[in-house]
Each structure stands twice: as structure tokens, then as C-alpha cells.
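**Q** Below: sequence and its predicted model.
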Amino acid sequence: MSDSSPASPVSPAAPVVLDVWCELQCPDCRSALDDVRALRARYGDRLELRLRHFPLEKHKHAFAAAQAAEEALEQGKGWEYVEAVLGRVGDLDREGEPLLVAIAGELGLDAEEFDTALIDGRHILIVDADQAEGKAIGVTGTPTYVIGGERLDGGKSQEGLRERVEEIADRLLAERDA
């Protein structure tokens, strides 16, 4: 039985999900930020961007940065924090974890809580789970995008990648709205 009265709340259609497998010490992920921003601007809340962690062994601060990003998400500024860290990839390489805490403070987040989170490892399971899932679906480098069951490897080249994500998103949105 359906209630079609005007007082019934209307549920908005679920957004299309774009998983962004990222590593916060990765120069290619920094380069991909413009594409991520453009996708957010184009689709707004019709596209849910989900940060997925894939720290690479060659970057010694990537695992801590992933944990810090989870703390930023918990404190309400996940993507803002990710963009700030990616904007300072070279500094992170030199300064390590103190920079992660400093960036939190610069963004008005609770820097002491960041420091504690990095010490107590409260977000390690999330990072480990993302990395394990990434490996299971064939992620080998960053950035890698997954949308509509299709994996797009941006670590090899960013060229044409945003257009490909847009093609898939447009198709999925059209199917959803049909």
C-alpha cells in the first residue's frame, strides 16, 4: 500500500558512489585533487565521494596520514583535511607526524585529539580494512577510482580519467532516475 498524500516525506534518490583510493603522501593523488574538486562541483550531493585508504610502503608517513584523515572525518573536516595534507606532500615527507597534527590545528580541529589518535591507533582498523579491500579488488597504486563496479587506475595517468568517471556517473544517474 502506498500513501501518495502530499504530507508524505519524499526520499531523495541515493547518490552514485565514487570510491577514491588515495594515499596522502602521493604526488599523483595531489595532482588528482583538481579532478575530485571538479566532480564535487559538477554533481554535488548526487555523487558520494568516499575516501578509501591505500597507504603505500614506499611512503613512511602515509599510514599515519590515513589515520589522521579518519580523525579529521570524525571531527567533521575530512575532505578539507585531506586536501590540506595533499597540498603539502613534500612537507609531510620531511616533517612526518608533527605536520599532520599541525595541519589539524590550522584547520581549527582538536590537535591534541589528533596526537592522541595517532598514539592510540583508534583508526588503524579502518585503514587496514580499506587497504585489504583495495588489494582484494585489484588496487595496486593511487589514485584509483571505483564507480559502478568499474576500477579506473589514476596512478598510471590522470589523462581522460575525469571524463571517464563523468561518463559512468552520468549513465548511473540516468539509470537511477529512469
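**A** Structure received.

**Q** Only C-alpha atoms from now on, for both contacts and neighbour counts.
**A** Noted.

**Q** mind listing the helices for this protein?
**A** Taking DSSP state H as the test, the helices found in the chain are 27-43, 62-74, 78-86, 89-95, 97-106, 111-120, 124-136, 161-177.

**Q** Please identify the deepest-packed of these.
**A** Of the helices of the chain, the one with the most neighbours on average (mean count of other CA atoms under 10 Å) is helix 62-74, at a mean of 24.

**Q** So which other helices or strands are in contact with that one?
**A** For helix 62-74, the contact count by 3 or more CA pairs under 8 Å, 6 or more residues apart in numbering; DSSP states H and E identifies helix 78-86, helix 97-106, helix 111-120, helix 124-136 as packing neighbours.

**Q** can you rerun that using 6 Å?
**A** Under the contact definition 3 or more CA pairs under 6 Å, 6 or more residues apart in numbering; DSSP states H and E, helix 62-74 sits against no other helix or strand.

**Q** what comes into contact with it?
**A** Residues outside helix 62-74 that contact it (CA atoms under 6 Å, 6 or more residues apart in numbering) are Leu24, Gln25, Pro55, Gly78, His123.

**Q** Now with 8 Å, please.
**A** 23-25, 53, 55-56, 78-79, 81-82, 97, 100, 104, 109, 114, 117-118, 121, 123-124, 127 (CA atoms under 8 Å, 6 or more residues apart in numbering).
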